[in-house]
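Peer 1: Let me see the structure of the following:
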Amino acid sequence: MAEINQQLIAERLQISRATVSRCFTNHPGINPVTRARVFQVAAEIGYAHLENRTTRSKKKPAKSTFGVLICSDEEEYYRTDYQNPSEQILAGVTECAQLNGASVEVHLVDPKARSLSDPSYTQIEKLRRRWNGLLLVYPFPDSILDQLALLMPLVSLVEQFDHSGIDCVDVDHYKGISAAIEHLVGQGHRRIGFFTRRYEVEASWSFRRYAGFIEKMVRLRLPVLPADIINVFPSRELNEEQSIEYAAERTRDGVTAWVCAADHQAYDLIRGLYQRGINVPAHVSVTGFDGIKTPKDCPDLGTILIPFREIGATGTQRLVERVRKRFGSTQHVLIDCPFKPGDSVGPPPSKK
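Peer 2: Predicted coordinates for the structure are as follows:
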């Protein structure tokens, strides 16, 4: 088994060992995206950077160290068929941290964990004692949030929690969904369905996008059939294959467009519909939400663009302020997210 060190990271990314070292020491000449990739690989292999200290070294001014916890199982996080938005989030995080003289440590944690005594958290316990603040990426269980909030300031990125002690930096979900529906209506669509899927940790972002969908449809006086809503209460929850099969049935029944809660859902749906003889956008249109890179086997997606890098930078700056003023009021910052037209959207098929 290869030794877990900076040389291994360098070999994985095909960059120099010196570049890796400069990433961990916040060298100003390092590209933020390169630094983000180094931290991603470090999280993947379980490498933690600890600064060398000697008794004879001069005492340096204390600087902040921020932890970044990404709540995702490894299989999902390291999928290669979709672009991982966390790379851009981390680019914004490390860029802002560097400007503020702070260091960053990134770790994946198990979404099934419900306590800080779980191995996923105990293995980074010593590191947590050194952190001045913590950035959270993706949904976390409420029990974990309650425990972490007692330890240090928290800022959540791309997820809005109901917890009163956590700052959040996210996008305005309603504005994004509203723009997508307006685009579909402009193409002539009237019967529009909503598609999402289940996750290990309850995805409140999916619910917010669904709420935006319902509000916009009501504002436009467009009918919403309960049968055209997939995997959101009160509709029954289905697994991935069942969901796509059901979406195909509803498409044959008259749905002319699907608003998906995320890009990866949209691409899975498009592939599944193709396999069932349903062409996108000739037979049905599909929109997403995220703005990740289009897979080679799918059409360019009509989607809402999330400014992930800006979210990472804004969230880190907010954490800097929270560390300086530990018990100040919490804030929820919402950033605009425009709709990008794509080849997955066209006019509804003509009725025969």
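
Peer 1: Pretty sure residue 294 sits against residue 303.
Peer 2: No. Contact between residue 294 and residue 303 fails when scored by C-beta atoms under 8 Å: they sit 9.1 Å apart. Just so you know, the C-beta spots here come from the backbone N, C-alpha and C atoms, and that holds for glycine as well.

Peer 1: and those two? which has more neighbours close in?
Peer 2: Between residue 294 and residue 303, residue 303 has the larger neighbour count (other C-beta atoms under 10 Å), namely 28 against 19.

Peer 1: Show me how far the lowest-mean-pLDDT helix or strand in the chain is from its chain's centre.
Peer 2: Least confident helix or strand, the chain: helix 32-45 with a mean of 74, by mean pLDDT, DSSP states H and E. Relative to its chain's centre, helix 32-45 lies at 16 Å (C-alpha atoms, centre = their mean, to the nearest Å).

Peer 1: Contacts for it next, please.
Peer 2: With contacts defined as C-beta atoms under 8 Å, 6 or more residues apart in numbering, helix 32-45 is touched by 4, 8-9, 12-13, 15, 19-20, 23-24, 47-49, 68, 70, 74, 78, 84, 86-95, 98, 104-108, 309.

Peer 1: do stretch 289-307 as well
Peer 2: 81-85, 158, 171, 176-177, 179-180, 183, 209, 260-264, 266-267, 270-271, 280-281, 285-288, 335, 337-345.

Peer 1: Repeat the analysis, applying 7 Å as the threshold.
Peer 2: Here stretch 289-307 makes contact (C-beta atoms under 7 Å, 6 or more residues apart in numbering) with 81-83, 85, 171, 176, 179-180, 183, 209, 260-263, 266-267, 270-271, 280, 287-288, 335, 337-345.

Peer 1: so what's the closest residue to residue 171 other than its chain neighbours scoring on pLDDT?
Peer 2: Once flanking residues are discounted, residue 171 sits nearest to residue 337: 4.1 Å by C-beta to C-beta, 6 or more residues apart in numbering. At residue 337, the model reports a pLDDT of 96.

Peer 1: go on, residue 348?
Peer 2: The model reports residue 348 with a pLDDT of 97.

Peer 1: same deal with residue 158?
Peer 2: pLDDT, read off for residue 158, is 91.

Peer 1: which residues of the protein fall in strands?
Peer 2: Along the chain, counting by DSSP state E, strands occupy 65-71, 103-109, 133-137, 154-157, 166-171, 192-195, 229-230, 257-260, 285-290, 302-305, 332-335, 339-340.

Peer 1: Contacts for the last one, please.
Peer 2: Going back to what we said before, that points to strand 339-340. 176, 179, 180, 183, 291, 302, 303, 304, 305.

Peer 1: do the first one as well
Peer 2: For strand 65-71, contacts defined as C-beta under 7 Å, 6+ apart pick out 43, 77, 86, 93, 97, 102-109, 111, 127-128, 130-140, 201, 316, 319.

Peer 1: Which members of the residues you listed are classed as buried?
Peer 2: 43, 77, 86, 93, 97, 102-109, 111, 128, 131-140, 201, 316, 319 (16 or more other C-beta atoms under 10 Å).

Peer 1: could I get the contacts of strand 339-340 as CSV with pLDDT and distance to residue 256?
Peer 2: As requested, those are exported to CSV (pLDDT from 0 to 100; distance: C-beta to C-beta, whole Å):
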residue, pLDDT, distance to residue 256
176, 97, 21
179, 98, 18
180, 98, 14
183, 98, 13
291, 94, 23
302, 98, 14
303, 98, 18
304, 97, 20
305, 97, 24
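
Peer 1: ok, which pair from those is furthest apart?
Peer 2: 183 and 291 (14.4 Å; C-beta to C-beta).

Peer 1: quick one, which of these two is more surrounded?
Peer 2: The neighbour comparison of residue 183 against residue 291 (other C-beta under 10 Å) goes to residue 291, with 22 against 19.

Peer 1: how much space is there between that one and residue 162?
Peer 2: Distance, residue 291 to residue 162, by C-beta to C-beta, to the nearest Å: 26 Å.

Peer 1: again with residue 278
Peer 2: In this view, residue 278 and residue 162 are 38 Å apart by C-beta to C-beta.

Peer 1: Of the contacts of stretch 289-307, which count as buried by neighbour count?
Peer 2: For the contacts of stretch 289-307, a burial check counting by 16+ other C-beta under 10 Å picks out 82-83, 85, 171, 176, 179-180, 183, 209, 260-263, 266-267, 270, 280, 287-288, 337, 339-340, 342, 344-345.

Peer 1: Can you tell me which of those end up in helices?
Peer 2: With helices taken from DSSP state H, the overlap with those comprises 176, 179, 180, 183, 209, 263, 266, 267, 270.

Peer 1: list the contacts for the second one?
Peer 2: Going back to what we said before, that points to residue 179. 304, 338, 339.

Peer 1: what pairs with the closest residue to the second one other than its chain neighbours across the strands?
Peer 2: So the one you mean is residue 338. Nearest residue to residue 338, sequence neighbours excluded (C-beta to C-beta, 6+ apart): residue 305, at 5.6 Å. Beta-bridge partners for residue 305, by DSSP bridges, are residue 290.

Peer 1: burial of residue 305, as a residue count?
Peer 2: Using other C-beta under 10 Å, residue 305 has 16 other residues around it.

Peer 1: how much space between it and residue 290?
Peer 2: Residue 305 is 8 Å from residue 290, by C-beta to C-beta.

Peer 1: right, and residue 4 touches residue 47 too?
Peer 2: Yes. Judged on C-beta atoms under 7 Å, residue 4 makes contact with residue 47 at a distance of 5.1 Å.

Peer 1: more neighbours, these two?
Peer 2: residue 47 (19 against 13).
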